[in-house]
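Peer 1: model this:
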Amino acid sequence: MDMDGWRDILHFDFHGEHVLFSSLRLSSGFTFLVASVLTVFLCLLEKYLTYLLSSKYNPISIRHSRLGNAAFRTAIYWVLTLIRLLYMLLAMTFHVGLILVVVTTLSAGQFAIEYVETRHPHLKANPLEGAPLLSQEGLESHVEYLDLPSTSTTTRPLATSSYPPRKKAAAKAFNDSGAANSNENGTTIFAIDEDDAA
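Peer 2: I've put the predicted structure just below:
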């Protein structure tokens, strides 16, 4: 269907179709270039505002105001919705060149967002998140079983009533004379080096 230069099929030709404004019609290579610049601007602005919205950005002046935050983010969403409708209308010219400009610009903007967000991957996730505070392997590697006097300032006693000693630990719990190091209640005492614990 041909209606005032508009065709409802994909095409490369210039039939004088309007591009958002009555004064901008696709009738030559120059007007296509102008329409492409307008398209690139709208698409990059959309990706930038999308990034602001997804990154929870708020101006310093309204960061402590729930109403101000909500109003600011809603205003960004309003502008985003308008821009998305505008580049949908650009694609509805059915001109393949403009459609490719829209898709390429949006993809380039998305690439920029992905690159910025993954620039410091170690800041995005904590590798220790969800891990136990001290596993059995960590306990064995960080705790030294020492036979030192209780007056030492470099060690502190650690009662292991909830963690029964293993064979290796039990062997180290005895001093040179073969007697176990224990307190008055009979609980075996181990020592932990505070430098290792830190």
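Peer 1: For Leu100, give me its contacts.
Peer 2: If you count contacts by C-beta atoms under 8 Å, 6 or more residues apart in numbering, Leu100 has none. Quick note: C-beta positions are derived from backbone N, CA and C, even for glycine.
Peer 1: That one sits in which helix or strand?
Peer 2: helix 96-117 (DSSP states H and E).
Peer 1: buried ones in that helix?
Peer 2: Buried positions in helix 96-117, judged by neighbour count with 16 or more other C-beta atoms under 10 Å: 97-99, 101-102, 105-106, 109, 113.
Peer 1: what packs against the helix or strand hosting Val34?
Peer 2: Following DSSP H and E, one finds Val34 within helix 29-54. Helix 29-54 makes packing contacts with strand 17-19, strand 21-26, helix 66-91, helix 96-117 when contacts are defined by 3 or more C-beta pairs under 8 Å, 6 or more residues apart in numbering; DSSP states H and E.
Peer 1: Mind putting these into a markdown table with mean pLDDT and distance to Leu42?
Peer 2: Shown next, in a markdown table, are the helices and strands packed on helix 29-54 (pLDDT from 0 to 100; distance: least, C-beta to C-beta, whole Å):
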| stretch | mean pLDDT | distance to Leu42 |
| --- | --- | --- |
| strand 17-19 | 86 | 11 |
| strand 21-26 | 88 | 13 |
| helix 66-91 | 93 | 5 |
| helix 96-117 | 93 | 8 |
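Peer 1: where does this structure have low pLDDT?
Peer 2: 1-7, 120-198 (pLDDT under 70).
Peer 1: circling back: flag every buried residue along the helix holding Val34.
Peer 2: 31-32, 35-36, 38-40, 42-43, 45-47, 49-51.
Peer 1: Lovely, talk soon.
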